[in-house]
Each structure stands twice: as C-alpha cells, then as structure tokens.
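S.K.: Fold the following.
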Amino acid sequence: MNLLALLREDVHAKACWLYGTATPRNLLKAWLTDGTSAMILYRLMQACRPRLLAPFAMIFNKLNAFFGRCIIGRGAVFGPRFILIHSYGVVINSAVRGGSDIRLEHLVTIGADKGQAPILGNDIFIGAGAKLIGNIRIGNHVKIGANAVVVDDIPDNATAVGIPARVVDRGTG
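M.R.: Got it, this is the predicted structure:
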C-alpha cells in the first residue's frame, strides 16, 4: 500500500473512531486533531526505511518526539488504520510488531524487556496510561484498560485490566 493511501486509511479510521462517521467535516477534524501529526510522521519515517533513507527516518523520528510528543522506534511496524488518538507520552519500542486497526490513547508504553517486544494482533484498543512490556502476544479483538500493566499474553476477544493485567471478559468477537 502506498504512503498516501495508508495515511488516508489511517485518518479515515480515526474519523470513524472519534466521530462515528467519515463525513468531509469529520475527516477534516481528524486531520487536525492532536495525534494525527504523529501518525503522519510515523508513516513518513516508515516510508523511508525500505528506500534506505535512514537519515530522513531519523529526522522524522526526532520531529515526532518534538511535535507529536511521542517516541515511536524506527523499526516499529503497524498495519493499516493505526490510530494515535492522542500522541502525548506514547512510547513504542523499535521491535514492536502490530497488525491493523490498532488504536492507542495517550501515555501508552509498548516496550521491550531483555530485547523481546510485544506482538499485537488486529483490532486492538489500548487505554490511556497502559503499559505492555516484554515478550508477550496480544490477540485479535482485544481491549486493554487504562493504566493496565500487561506482562502476559492476552487471548483473542478479551478485555484486560489491572496491575498486573488480568482478563475480565472473554467476548466472542
């Protein structure tokens, strides 16, 4: 998928998530909300990698830290419809891998432990202040509550909350 199509898909998903529909007005609001600039800088950084433009990837990474107020490692990979609802304080390790439809609130940390980073499935919501640390797998269709600390795998269709996070609901998807 090319960069512009990926950005359009990300912002379309953000408009639907925040405002319920992707009308032209809601799309404009989504383009202008906080977090979107961080999403754009992340995608630009990622577009530089296969083209061997490492200096530009580093520049976009630093711009994201300054303007987006978040740190997303240059090697972190997320599929389409990656949404930073609010980018402030988000920290994502370079080794993190995520599927499509990942939605993050502010102050989320997805970090490595002993060189091992989380792998995220598809359709995941991570609440404000949540921490996902280490060699864990997060299934598809998962919700992680605000301030949860996830240090163990979370299965598909689950909702996890608490410190340490525990599964409180195993929906059917």
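
S.K.: Regarding this structure, what is its longest helix?
M.R.: helix 3-19 (DSSP state H).

S.K.: Mind telling me what element the residue lying closest to residue 158 once chain neighbours are set aside is part of?
M.R.: Closest residue to residue 158 apart from its sequence neighbours, by CB to CB, 6 or more residues apart in numbering: residue 167 at 4.7 Å. Just so you know, the C-beta spots here come from the backbone N, C-alpha and C atoms, and that holds for glycine as well. Secondary structure assigned from DSSP states H and E places residue 167 in strand 166-170.

S.K.: Which other helices and strands does that strand contact?
M.R.: strand 158-161 (3 or more CB pairs under 8 Å, 6 or more residues apart in numbering; DSSP states H and E).

S.K.: quick one, the helix or strand following the longest helix of the chain and helix 3-19 angle?
M.R.: Next in sequence after helix 3-19, counting helices and strands by DSSP H and E, comes helix 24-32. Helix 24-32 runs at 110 degrees relative to helix 3-19, counting by axes from the mean of the first three to the mean of the last three CA atoms, to 10 degrees.

S.K.: Output the next helix or strand after helix 24-32 as PDB, nothing but the C-alphas.
M.R.: Downstream of helix 24-32, the first helix or strand assigned by DSSP H and E is helix 36-48. Provided in PDB are the C-alpha atoms of helix 36-48 (Å, rounded to 0.1, in the frame of the first residue of the first chain):
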ATOM      1  CA  THR A  36      -2.600  12.900  13.600                       C
ATOM      2  CA  SER A  37       0.700  14.700  13.100                       C
ATOM      3  CA  ALA A  38       2.400  11.900  15.000                       C
ATOM      4  CA  MET A  39       0.700   9.300  12.800                       C
ATOM      5  CA  ILE A  40       1.800  11.200   9.700                       C
ATOM      6  CA  LEU A  41       5.400  11.500  10.900                       C
ATOM      7  CA  TYR A  42       5.400   7.800  11.900                       C
ATOM      8  CA  ARG A  43       4.200   6.800   8.400                       C
ATOM      9  CA  LEU A  44       6.800   9.100   6.700                       C
ATOM     10  CA  MET A  45       9.500   7.500   8.900                       C
ATOM     11  CA  GLN A  46       8.400   4.000   7.900                       C
ATOM     12  CA  ALA A  47       8.300   5.000   4.200                       C
ATOM     13  CA  CYS A  48      12.000   6.000   4.400                       C
END
